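J.: here is a sequence with its predicted model. Questions after.
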Amino acid sequence: MGPRFLSTKVSIFLAALCFANLSSARGDVGGIGEQPLASIAIHKATVALHDSASVKAYPLVLGVKGEDTEWVTVDLQYPNASGDDWVGVFSPSKFDGSTCPPLNDPKEQTPYVCSAPIKYKYANYSNPGYTKTGKASLKFQLINQRADFSFALFSGGISNPKMVAVSNSIIFAYPKAPLYPRLAQGKSWNEMTVTWTSGYDIKEAAPFVEWGIKGENQVRSPAGTLTIDRNSMCGSPARTVGWRDAGFIHTSFLKDLWPNTLYTYKMGHLLSNGTSIMSKSYSFKSSPYPGQDSLQRIIVFGDMGKAERDGSNEYSDYQPGSLNTTDQLIKDLKNIDIVFHIGDISYANGYISQWDQFTAQVEPIASTVPYMIGSGNHERDWPNSGSFYDTTDSGGECGVLAETMFYVPAENRAKFWYKTDYGMFRFCIADSEHDWREGSEQHRFIENCLATVDRHKQPWLIFAAHRVLGYSSDSYYGSEGSFEEPMGRQNLQRLWQKYRVDIAFYGHVHNYERTCPIYQNQCVNSELNHYSGVVNGTIHVVAGGGGSHLSTFSNLTPSWSLYRDYDFGFVKLTAFNRSSLLFEYKKSRDGRVYDSFTISREYKDVLACVHDSCPATTLAS
């Protein structure tokens, strides 16, 4: 490694940084957890390039056949090897101090490493003889993230990193390609939205979707483009060590769809020379007409996050079940119509490169069925940013990434509450990170969403929010004595009962729990697994075991708690017709059903008066 190469490669990683906020990310209720990249003390990194150390990465060009993910081999050599040496993946591989936050402290000197790595592995991860031989070979799986990559070898562990060698750079053959489509329901039942990420600014190319009924002529619909800048982040690490260009986010609205029809689509960018850059082909089935009596299958879960299939970043066991959940949904995708991921989406927590990783992980699902998300504390919460909770759980993102990376049919995506209809279902998705109490704007929305559904056409009425606004016997909620988020159900249970909400779903607590049909802390139906006729109350379900570290239950099991499971899993709802609904809780490890119930009823049963659901008197009385 010659002096010229060294000076060039040092400039790859050295720049100014003083503001890295590397404190542990707050875990959810009842659990613990830290974003793995936050444990790396990048602000302490020093340069100690060693003449006898080397890092080589290959192949040099990835995705030559259009692949958006590829495996890379990284060979290491370092004569002073130790067990805590690690390799970080950095992208872009070249930057200078102008891209980094300015220094506030004039006593500080440059250079420092400016950015956290995208992911990392210990050198002895798959090479137990590394400390003896000083040689190792690691495998990394990379996704196309619109820039080149380099690999750096650090000694001193993650708490006192010293950079001893830097690799050559590698890049995808088509770094700006349109990637990772995310479908979502539009504001009307016959509209599908397609959101994707690319490296093309609108000054370079015009984005569009080419689509149509499978086997018929295709048409093109234009797309809008959004991007995110560092100044739109609310704090560190999103503004500092966690910042990475998120690319350009495009959304197209495919309108006037025929119900229950298979469509194919491609994302494209029209260049100024008249040529088009196209993605591979995808397909989806359009939504049924509201009230349509047909088989309809819904998936609900929260708190999934992401994990690396190459084993990177998993030394803290941050999201141990996320790949299992993802893979079970992919395996059963032909039997799924729409997915609801109700908060705590990627757990990027201000490390923005992780959003690309997440959208790549769920692409097989989100490109095929609508992937509807809710807002959680790890997307939204930040002090003095207008969130209901004054915590730092979003890592400085304050909702911007979730609101931009995914589309939801909200009137204002910064206020992440919305309604959406799917056949015989009406979904009212609340945003627990904004005020939901009586008199608030969101409370008015929730009541309107529940009140305006035609229960003859859409008998299955579902409420969902990230935090537990209903019932949970999580250990934290149990210690509070209320078994709920403070001020939760006292402001909403009147609405659930008045409008006869069938099921209320929550995440935030990382386990599974199902209540009896309940109202005001009392079971109002004695059945356990089959409900027929008038149900009398709402069933509350915690489905927060999507993948993140698990939450413990309280020692006390309340009488209303019918089933509790300390494991990873998700819920599937199957509506066979307007009178018959099947509920299943499946574990992510094997996809088998571990809890279930059915509801069988007629339209008159939905109309029947139960406590606090009908006026006490009528004019006739």
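T.: Good, I have the coordinates. Bear in mind the structure is a predicted one, so any value in this text is a computation, not a measurement.

J.: and the helices in this structure?
T.: For the chain, the helices defined by DSSP state H occupy 3-13, 130-133, 322-331, 353-366, 377-380, 400-405, 441-451, 475-480, 493-498, 603-607.

J.: ok, Gly396 touching Ser232?
T.: No - taking contacts as CB atoms under 8 Å, Gly396 lies outside contact range of Ser232: 10.2 Å. Where C-beta positions appear, they are placed from N, C-alpha and C, glycine not excepted.

J.: who has more neighbours, the two?
T.: Using other CB atoms under 10 Å as the criterion, Gly396 and Ser232 rank with Gly396 on top: 23 against 14.

J.: point out where the stretch 451-600 of the chain drops to low pLDDT.
T.: Nowhere does the stretch 451-600 of the chain drop to pLDDT under 70.

J.: where does pLDDT dip in the stretch 101-250 of the chain?
T.: Checking the stretch 101-250 of the chain against pLDDT under 70 turns up 101-112.

J.: any stretches of the stretch 251-400 of the chain with poor pLDDT?
T.: For the stretch 251-400 of the chain, the ranges with pLDDT under 70 are 316.

J.: which residues are in contact with Glu484?
T.: Residues counted as contacts of Glu484 (CB atoms under 8 Å, 6 or more residues apart in numbering) are Val468, Leu469, Gly470, Tyr471, Ser472, Tyr477.

J.: out of the helices of the chain, nearest to His540?
T.: Closest of the helices of the chain to His540 is helix 493-498, at 8.8 Å (criterion: CB to CB).

J.: what's the spacing between that closest one and its chain's center?
T.: Distance of helix 493-498 from the chain centroid (CA atoms, centre = their mean, to the nearest Å) equals 29 Å.

J.: try stretch 273-290
T.: 22 Å.

J.: in it, what counts as buried?
T.: Using 16 or more other CB atoms under 10 Å as the test for burial, stretch 273-290 gives Ile277, Ser279, Tyr282, Phe284, Lys285, Ser286, Ser287, Pro288, Tyr289, Pro290.

J.: strands - which of these land there?
T.: Under the assignment DSSP state E, those contribute Ile277, Tyr282, Phe284, Lys285 to strands.

J.: so the third one versus His269, what's the distance?
T.: If I follow you right, that is Phe284. Look at Phe284 and His269: by CB to CB, to the nearest Å, they are 21 Å apart.

J.: same deal with Ser387?
T.: 35 Å.

J.: repeat that for Phe570.
T.: 35 Å.

J.: ok, now Thr325?
T.: According to CB to CB, Thr325 and His269 sit 32 Å apart.

J.: who has more neighbours out of those two?
T.: Thr325 (29 against 25).

J.: residues in contact with that one?
T.: So Thr325 contacts Phe301, Met304, Gly546, Gly547, Phe568, Gly569, Phe570, Ser588 (CB under 8 Å, 6+ apart).

J.: out of those residues, which is nearest to Leu295?
T.: Taking the contacts of Thr325 together and measuring to Leu295 by CB to CB, the closest member is Phe570, at 18.9 Å.

J.: does the closest one touch Asp332 like I think?
T.: No - between Phe570 and Asp332 there is no contact under CB under 8 Å: 10.2 Å.

J.: more neighbours, those two?
T.: Taking neighbours as other CB under 10 Å, Phe570 and Asp332 compare with Phe570 leading, 27 against 14.

J.: give me the beta-bridge partners of that one?
T.: On the basis of DSSP bridges, Phe570 is bridged to Lys586.

J.: contacting residues around it?
T.: Neighbouring residues of Phe570 by CB under 8 Å, 6+ apart: Ile299, Val300, Phe301, Thr325, Gln328, Leu329, Ala543, Gly545, Gly546, Tyr585, Lys586, Ser588.

J.: now that we have the helices of the chain, can you turn them into CSV and tack on distance to Tyr512?
T.: Converted to CSV, the helices of the chain look like this (distance: least, CB to CB, whole Å):
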stretch, distance to Tyr512
helix 3-13, 44
helix 130-133, 41
helix 322-331, 12
helix 353-366, 20
helix 377-380, 19
helix 400-405, 24
helix 441-451, 24
helix 475-480, 15
helix 493-498, 20
helix 603-607, 27
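
J.: which of those sits closest to Pro92?
T.: helix 3-13 (8.6 Å).

J.: highest mean neighbour count out of the helices of the chain?
T.: Among the helices of the chain, the stretch with the highest mean neighbour count (mean count of other CB atoms under 10 Å) is helix 377-380, at a mean of 30.

J.: distance of the closest residue in space to Ser322 that isn't next to it in sequence from Leu76?
T.: Nearest residue to Ser322, sequence neighbours excluded (CB to CB, 6 or more residues apart in numbering): Gly547, at 3.0 Å. Gly547 is 31 Å from Leu76, where distance means CB to CB.

J.: which one of those two is surrounded by more residues?
T.: Taking other CB under 10 Å, Gly547 and Leu76 do not tie; Gly547 has more neighbours (29 against 24).

J.: distance of the more buried one from Ile338?
T.: Gly547 is 19 Å from Ile338, by CB to CB.

J.: now do Gly546
T.: 16 Å.

J.: these two: which is more packed in?
T.: More neighbours sit around Gly546 than around the other of Gly546 and Ile338, counting by other CB under 10 Å; the figures are 28 against 23.

J.: grab the nearest non-local neighbour of that one.
T.: Nearest non-adjacent residue to Gly546 (CB to CB, 6+ apart): Met304, at 3.2 Å.

J.: what residues are up against that neighbour?
T.: Gln319, Gly321, Ser322, Thr325, Thr326, His341, Asp344, Ile345, Gly546, Gly547, Ser548.

J.: any idea how many residues pack against the second one?
T.: Number of residues near Gly321 (other CB under 10 Å) recorded here: 25.

J.: show the contacting residues for the nearest residue to it once chain neighbours are set aside.
T.: Closest residue to Gly321 apart from its sequence neighbours, by CB to CB, 6+ apart: Phe568 at 3.2 Å. Contacts for Phe568 (CB under 8 Å, 6+ apart) come out as Pro320, Gly321, Asn324, Thr325, Gly545, Gly546, Gly547, Leu550, Lys587, Ser588, Arg589.

J.: need the contact list for the closest residue to Leu323 other than its chain neighbours.
T.: Spatial nearest neighbour of Leu323, excluding adjacent residues (CB to CB, 6+ apart): Ala307 at 4.8 Å. By CB under 8 Å, 6+ apart, the residues touching Ala307 are Asn313, Glu314, Tyr318, Gln319, Pro320, Ser322, Leu323, Gln361, Gly547.

J.: now the strands for the stretch 101-250 of the chain?
T.: 112-113, 119-122, 135-143, 150-155, 162-166, 171-172, 179-185, 192-198, 205-213, 219-227, 248-254 (DSSP state E, counting those that start in this stretch).

J.: quick one: which of these is nearest Cys428?
T.: strand 179-185 (13.4 Å).

J.: so that closest one versus strand 135-143, what angle?
T.: For strand 179-185 against strand 135-143, the angle by axes from the mean of the first three to the mean of the last three CA atoms, to 10 degrees is 40 degrees.

J.: now do the residue positioned nearest the centre of the chain against Ser375, distance only.
T.: When CA atoms, centre = their mean is applied to the chain, the residue found nearest the centroid is Ile345 (2.1 Å). Distance, Ile345 to Ser375, using CB to CB: 9 Å.
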